[in-house]
Every structure is written in structure tokens, then in C-alpha cells.
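Trainee: would you be able to build a 3D model of this:
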Amino acid sequence: MSFIEQLFTKIVAGEIPSYKVYEDDLTYAFLDINPLSLGHCLVIPKTKYTTFDDVPDHVAAALGKSCNLVAKAIVKATGCVDYNILQNNGAAAHQEVPHCHFHIIPKTKSGGLGVVWESTKNPEPEDVQAKIIAAIKQSQDEEGSEHRLPQTVQPRNYQLRLSPDLEKFTFDGVVNIQCDVLETTSTVVMHAKELEVSKATCTTATGTVFETSSIALDEAKDQLTLTFATALPKGAMTVALTFVGCLNDKMAGFYRSMYKGTDGSQKVMATTQFEATDARRSFPCWDEPAFKATFDVTMVVKDKSLTSLSNMPIKNTVDLGDEGMAFTYNRSPVMSTYLLAFIIGELEFISGETAAGTKVNVYCTPGKTSQCAFALDTAIKVLDFFTEYMGIGFPLPKCDMVGIPDFASGAMENW
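Mentor: Numbers count the residues shown, from 1 in each chain. So this is what the prediction gives:
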């Protein structure tokens, strides 16, 4: 390995005082070892390229984004009036990094663009480094804030009732969300995607009902905004929404999973995949992990021969006659929306228990129970092992594993 190759390796490993200020999957940014002016930085790809003609498009895009982010941070951190971005196309010469990269060189009113290295131009690199890192974080926070939900209203409990139609591939839904209004507000903003919300109200703990003056869905941000003519006071509220959705074929949200039955006919089940941000396809919700709540789920299944599953055991069932069967589940622990799950389909299962009495079930489509024994045996052994090792019991009353015919992820942990 040549000297300059060793130098590059040391720089990216942080073994020499190059003072890293930024890193993503494809790029690094450092204070230059020989600064031309205060805050002079290098932006380099993590993979070495001889010339920019060799740089793949996605890496080039990442370099451009990093240069833009770091340059703006340098302006905030150093107070410089402007900056130059210089491209180094990989010529060997005397460069510190032996492949294509960018220099971001700040300008000042007095000195302009420095062209000769002076140690006095960067006397305290740790201080400059800290200021640039702080400015980058501030820019990232400001950039992402428009896609984050306001903190003024926060959910505590969802009472969700869904009625899927496995022939039309649609579902009707009603959700009552118990919330805390932390600041007086005339809007409630939550997530929704590919849902049609027909009605929304907000009711105080004393029974005062606030009707919406408008219901608006921002499809670009997946944000549903309920606007009220009268501002909502601080305190406990229940937001009630009526909506319809689609059992999509995207393996995201509440979707339809197709497979062939034992007789070769086409079969369908309804299932969920909410991680990371697809609970909003199933019901209006605060679909960010920090907004944790409990969930009370009721599933109305028209075909009474089908199995209905959710995170918790069944609390009760109600025969609705021609409308089907309503399955209501026990309240879940406090958890993020992406952990919620429900499945409706023609399922068979085998079961067992751990030493501590937790029921373990392995579900599959008809005719495949012979393939479930290994999963059941392993699950029981693993739960028993970790219960003893951690000294903490499994916190739920059951553990279900379900084989889904088509699933976007290798697996999904719904608790």
C-alpha cells in the first residue's frame, strides 16, 4: 500500500487529526489537515475513485447532498460571507486524499479566499469541528421537522374497529382515540395514507363535542389535518374518525395475501405489515414510534369460518348474524403503532406451552401443519432460555407465529 493510500485509510478511520464533521452511508466530511481558511473541509466518498467519471450516479448525488449540507453548516459555524467548492479529480499531485473529492473553502471579508496554508487560520480545530457538527444537526432537524407531527396532541389509547371485505378488497373502520391536548389548538394533525375519512369529531371528558370545519389529507406528507371552528382546550379528548380503506396488494399496511388452497383454488387472507410507517394505511394514527399508546382492537369477520388474530388474546366474540362475527381482543401494552398486527384467514395451527405457562401457537395455511413442529419446538426453547437467562418472564399471555404466503420482510416482530 502506497503512502497516500495509507493516509487515506487513516483519515477515514479517524487515526490522524482530520476532525470528522459528518458521515453518512456513502460519504465523509472532515476539516482539512492543511486549512486554507477557518472551517476548510473535505468531502470524500467512502469508496476510492480515480476520476469523477468512475463515480456512480447514486454516490455523486450523495456527494452533492453532503457538500450542500456541510457548506451551509460552515457558514453558520464560522460566520464566513461565502465559500468556494473546488473539485479535485483524483490527480496524484500532493493531495491529502488520493482520489476524487471536494474542498469547501470559506471566504471572509478581509481575507477573501485563502490560497496559502497558515496554521493560525485554524488554531482550535476541536472548537470549529464542534460548531460545524452542531450546525449540521440543526439543519437536519429543521429539514425533517415539516414531516414530523406536532406535539400539541398526543394519543393514549386507540379503540379500533375494522370490517374487512375479502371479496371487494376493502375495509370500513371506526377509531376512537383517547388523547391529551397539551396546548390549546384548532387543529389536530395525525397520519393517514390511502384512506378516505368521512367524519371526524373531538369530544371532551365532560361531553362537549367539537365538529370539524374541514378534513384535509396532505398526500405528500401522509398527514391528515382536522380543523375545528372553535379551538380545543387543554385536557383529555376523544378523537373519533370514520373511514374506509383498501386491502392493497403492496404487502404494506393492511393488505391482501394471495395463495393457492389444497384444492388448487385461489385463496385470500388479510394481514398486516406496519413497520416502519404503514400503520397509517390501516387507520388514522400518530404513526411515529415515539407516540406510544395502548390498543383495543375489534375485527368484524363476515365469514365465520375464518380465524382472526391480533397481538392479544380474544376478549370476547359477538355473533352479528349475517354481518359475521366480531372478535374483540384484550388491551395491548403501551407500544408504537408499527407493532400492531391483525390477520384474518383460513388457518390451522399447532400449540404448546413454555415452562412458565405462556401459550405458543404456530399458524399456517391449511395442509402445512407438518411444517410447523420445528418452529414450535424452537420458540418454546428460546422463550424458556431467555426467561431464565434474563430473569424476566415473557410479558404477553401468548406468542403466535404465523406463516404468511407473501410477505415483504423476512419476518416481523409484532411485540
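Trainee: can you give me the helices in the chain?
Mentor: Secondary structure of the chain (DSSP state H): helices at 3-13, 57-78, 125-145, 373-390.
Trainee: relative to residue 168, which of those helices is closest?
Mentor: Ranking the helices of the chain by proximity to residue 168 (CB to CB) places helix 373-390 first, at 33.2 Å. No exception for glycine: its C-beta is placed from N, CA and C like everyone else's.
Trainee: how far off centre is the closest one?
Mentor: 29 Å (CA atoms, centre = their mean, to the nearest Å).
Trainee: so for that helix, what's the average pLDDT?
Mentor: The average pLDDT within helix 373-390 is 94.
Trainee: same question for stretch 299-308.
Mentor: 94.
Trainee: with stretch 168-175 instead?
Mentor: Here the average pLDDT along stretch 168-175 is 96.
Trainee: and for stretch 311-328?
Mentor: On average, stretch 311-328 scores 94.
Trainee: hmm, back to that, most packed of the helices of the chain?
Mentor: Across the helices of the chain, averaging neighbours per residue (mean count of other CB atoms under 10 Å) puts helix 57-78 on top, at a mean of 18.
Trainee: that helix vs helix 125-145, what angle?
Mentor: Interaxial angle, helix 57-78 versus helix 125-145 (axes from the mean of the first three to the mean of the last three CA atoms, to 10 degrees): 120 degrees.
Trainee: what's in contact with helix 57-78?
Mentor: 21-22, 24-27, 29, 38-39, 41, 43, 45, 47, 49, 52, 55, 80, 82-83, 85, 102, 104, 106, 128, 131-136, 138-140 (CB atoms under 8 Å, 6 or more residues apart in numbering).
Trainee: same thing with stretch 300-312?
Mentor: Applying CB under 8 Å, 6+ apart, the set of residues contacting stretch 300-312 is 161-166, 295, 297, 299, 314, 319-320, 323-327, 329-332, 339-347, 363, 396-398, 400, 402, 414-415.
Trainee: of these, which belong to strands?
Mentor: 161-165, 295, 297, 299, 314, 319, 325-327, 329, 342-345, 363, 398, 400, 402 (DSSP state E).
Trainee: just the buried subset of those, please.
Mentor: 161-164, 295, 297, 299, 325-327, 329, 342-345, 363, 400, 402 (16 or more other CB atoms under 10 Å).
Trainee: end to end, how far does stretch 196-216 reach?
Mentor: Counting by CA to CA, to the nearest Å, you get 10 Å between the two ends of stretch 196-216.
Trainee: got any ranges where the chain has weak pLDDT?
Mentor: Segments of the chain classed as low confidence (criterion: pLDDT under 70) are 1-17, 33-34, 89-99, 108-123, 143-145.
Trainee: tell me the centre residue of it?
Mentor: Using CA atoms, centre = their mean, the residue of the chain that lies closest to the mean C-alpha position is residue 276, 3.7 Å off.
Trainee: ok, that residue - contacts?
Mentor: So residue 276 contacts residue 338 (CB under 8 Å, 6+ apart).
Trainee: mind running it again at 10 Å?
Mentor: Counting by CB atoms under 10 Å, 6 or more residues apart in numbering, residue 276 touches 287-289, 336, 338.
Trainee: what of residue 215?
Mentor: 192, 196-200, 224-227, 241, 243, 284.
Trainee: one more: residue 157?
Mentor: 176-179, 238, 293-296, 331-332, 334.
Trainee: take those residues and lay them out in a markdown table including distance to residue 381.
Mentor: Converted to a markdown table, those look like this (distance: CB to CB, whole Å):
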| residue | distance to residue 381 |
| --- | --- |
| 176 | 41 |
| 177 | 39 |
| 178 | 39 |
| 179 | 42 |
| 238 | 44 |
| 293 | 33 |
| 294 | 31 |
| 295 | 30 |
| 296 | 33 |
| 331 | 29 |
| 332 | 26 |
| 334 | 29 |
